[in-house]
Each structure stands twice: as C-alpha cells, then as structure tokens.
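Enquirer: structure, please.
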Amino acid sequence: MHQPVVKIAVIGDIHDLWELEDNAALKQLGVDLALFVGDYGNEAVEVVRRIAAVEVPKAAVMGNHDAYYSASKKGLKNCPYDREKEDWVQLQLDLLGEDHIGFGKREFPQLGLTIVGARPFSWGGSKWRYRKFYRDRFNIDGFNDSLDLILAAADEAEHSTVIFLGHVGPYGLGDQPEDPCGKDWGKDGGGGDYGDPDFAEAIALTQDSGKRVPLVTFGHMHHQLKNNSNQLRTRVTTDPRGTIYFNAANVPRIETTPRGDRRSFSLVTLDRGAVESIELVWIDSEFTQISQEQLYSKP
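Expert: Sure thing, here's the model as predicted:
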C-alpha cells in the first residue's frame, strides 16, 4: 500500500495551557493526527477533559506531572483531594480512554501507522522512581518489566511503520544540558543523560525486528534551559538508522502579546513513511499562522 503524506501535530508539555480554542485550531491546521506528550498539569482533570474532546484522531501519553499528587513525595504530602474518595490519575486515564497509549498502542490504518506509547508518568533518568506507584498501578517493578510492556505493544503493531510517543525521550541522546534529554538543573549547572533506558532499548529492538521507525517524539525537558536562558535545547537529532528524535516541549505553548494570545504547535510531515519536515508554528486568535521555525528538513 502506498503510504499517504501525513501531517502530524505534536503537542509538547501543556502545563495547564490547553483551551477549547486549541481544539478548533487543530482542525483549522488540517492535521491528520495529534500526538500529546503529557504533562497536562498537576493531575489537571479539566485540561485532560478538553484534550479528550479533540475531534482529530489522536494518541496521548501521561507525564510525571499527571501523577504529581499520587507519585511524588512532595505531591503526596500536598494532595488537595481526599485519596480515599477520589483518584485524579484514574479520572484522566478514563477520560482519554483508548487514546491513552502508555504501555500500549493505537492503530491508524488510514495513515498506515502504528503509534506505540512508552512508559507513562516517567520522570526520566536511569534510577527507577515511583516504585510504589508503578507497582500499584501497573504491577511492574523496574525497567525490565517496563521494557516488556512497551515491546509487547510494538511487537503487536499491525503496520510496518511505527512511531514511538513518550513523555521522556530515550536514553542515549547525549549527556550535556542542551541535549534532547540532558539534565539542565542543579547547583552544578546540570549535565547527565536523563532519558529513559527502557524506552531506548524498546526502540532499538523494534528497529532490529525490521519495522520502520521514522519518528520518536517526546517532551519533558523544556526547550528553554533552566540554567541558561540564552540557550535552547537541541530539539531534533537523528540516529545512524535514520530515525528522527524530536523533543516537542516548547513551553509555554500559549503566549499573551499586545495583539492577543498566540499559540504554538509542532508540525511533522511524513511522506512515504519518512519524516520530510518538522516546524514549530505560532498562530494568532484568528488561527492565522504568524511565524514558522524550520526545525528539520529532509536532506
């Protein structure tokens, strides 16, 4: 089957900045697919409710902030709701339904694509975090268990072209603060690879299996470096097999200007199963494109 040209919107870390106007903007942009990398807010149920209402075909994973009051020590201590009566993590998952693909996948036969989700709620790095949370929610106890789940989804992909969607990117993309998953905080100025090792291995094994992996997209590490506001993170890189790795965490994605709000979307164009281009676009309140930054163009 000849694969069509596919236009994908990748929405980086939202952090409460998703409005109903964004749902309309996605339709106006004419995208075939929307991919959400997580961090919608601190267990922000109402934000996720708006995302669930997006009418464009979509897939989503959850970020560390999406389990903030349920997984992190600080969040558990400051939880604003009664855990005996409510479960905001589960509410978010229920709202997204089959669109949530953490440890799973979604098939898009009309596009000739399978989207596979990495480990949901990840904080990143080579230390296993949130032990109790992952044991209680997913019955897993470490990176090997996580790898098995991601790999099972990839192995069952119905299409030979697979896109991976994660919150944190894979380990191995560099250990400098400005690298796609590099640590950019701490008194020492940062440094260290905070990618997910289970994600990296799942990608490599899927490539080995003969499937085509044109794109791996994620967020978590914001484009603007915490320890150097004058420097931007490396947002796109390529591995020797030709897979494109794209960090979509442009934060904040909505900005207020004297002329009104402007909102950003990352647009990835796939042609015959290969990434043709990636651009960061800003649109105004009339959904008119006011700027475009080319992040990648196929050589």
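Enquirer: show me where the stretch 1-150 of the chain has its helices.
Expert: 20-29, 45-52, 68-71, 73-77, 88-96, 131-138, 143-155 (DSSP state H, counting those that start in this stretch).
Enquirer: can you redo those helices as JSON lines with distance to Ile14?
Expert: For every residue, glycine as well, the C-beta is placed using N, CA and C. Shown next, in JSON lines, are the helices of the stretch 1-150 of the chain (distance: least, C-beta to C-beta, whole Å):
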{"stretch": "helix 20-29", "distance to Ile14": "9"}
{"stretch": "helix 45-52", "distance to Ile14": "6"}
{"stretch": "helix 68-71", "distance to Ile14": "14"}
{"stretch": "helix 73-77", "distance to Ile14": "18"}
{"stretch": "helix 88-96", "distance to Ile14": "12"}
{"stretch": "helix 131-138", "distance to Ile14": "21"}
{"stretch": "helix 143-155", "distance to Ile14": "23"}
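Enquirer: and Asp32, what does it touch?
Expert: By C-beta atoms under 8 Å, 6 or more residues apart in numbering, the contact set of Asp32 is Val6, Lys7, Ile8, Val56, Pro57, Leu111.
Enquirer: drop anything exposed from those.
Expert: Among these, those buried by neighbour count (16 or more other C-beta atoms under 10 Å) are Val6, Lys7, Ile8, Pro57, Leu111.
Enquirer: check contacts around the second one.
Expert: In this case it means Lys7. So Lys7 contacts Leu29, Gly30, Val31, Asp32, Leu33, Leu267, Val268, Thr269, Leu270 (C-beta under 8 Å, 6+ apart).
Enquirer: go on, His223?
Expert: Leu232, Arg233, Arg235, Asn247, Ala249, Asn250, Val251.
Enquirer: with Gly124 instead?
Expert: By C-beta under 8 Å, 6+ apart, the neighbours of Gly124 are Asn64, Val168, Cys181, Tyr194, Gly195, Asp196, His220, Met221.
Enquirer: could you check how many residues crowd around the third one?
Expert: For Cys181, the number of neighbouring residues by other C-beta atoms under 10 Å comes to 29.
Enquirer: that one contacts Gly169, doesn't it?
Expert: Yes: between Cys181 and Gly169 there is a contact under C-beta atoms under 8 Å: 4.4 Å.
Enquirer: tell me, what's touching the two both at once?
Expert: Gly195, Phe218, His220, Met221, Asn247.
Enquirer: bridged to the last one, which residues?
Expert: Residues found in beta-bridge contact with Asn247 (criterion: DSSP bridges) are Phe218.
Enquirer: which residue packs closest to the spatially most central residue of the chain, ignoring adjacent ones?
Expert: In the chain, the residue lying closest to the centroid (C-alpha atoms, centre = their mean) is Val37, at 2.0 Å. Excluding the flanking residues, the one nearest Val37 by C-beta to C-beta, 6 or more residues apart in numbering is Gly219, at 3.8 Å.
Enquirer: Glu107 too?
Expert: Glu158 (5.1 Å).
Enquirer: I figured the one you found hits Thr114, correct?
Expert: Yes: in this structure Glu158 lies within contact range of Thr114 using C-beta under 8 Å: 6.0 Å.
Enquirer: Val89 reaches Arg137, doesn't it?
Expert: Yes: between Val89 and Arg137 there is a contact under C-beta under 8 Å: 7.5 Å.
Enquirer: longest strand in this protein, by residue count?
Expert: When the chain is parsed with DSSP state E, its longest strand is strand 260-271.
Enquirer: given that strand, what are its sheet partners and their directions?
Expert: strand 6-11 (antiparallel), strand 254-257 (antiparallel), strand 274-283 (antiparallel).
Enquirer: next, the buried residues of that strand.
Expert: So strand 260-271, judged by 16+ other C-beta under 10 Å, has buried residues Arg262, Arg263, Ser264, Phe265, Ser266, Leu267, Val268, Thr269, Leu270.
Enquirer: from His159, how far off is Gly219?
Expert: Gly219 sits 24 Å away from His159, taking C-beta to C-beta, to the nearest Å as the criterion.
Enquirer: those two - which one has more neighbours?
Expert: Using other C-beta under 10 Å, the more surrounded residue of Gly219 and His159 is Gly219, with 29 against 20.
Enquirer: surely that one touches Cys181?
Expert: No: using C-beta under 8 Å, Gly219 is not in contact with Cys181; the gap is 10.1 Å.
Enquirer: what do these two both touch?
Expert: By C-beta under 8 Å, 6+ apart, Gly219 and Cys181 have these common neighbours: Val168, Asn247.
Enquirer: thinking again about what came up before, contact partners for the residue nearest to the centre of the chain?
Expert: Taking C-beta under 8 Å, 6+ apart as the test, what Val37 contacts is 10-13, 61, 63, 165-167, 217-220, 248-249.
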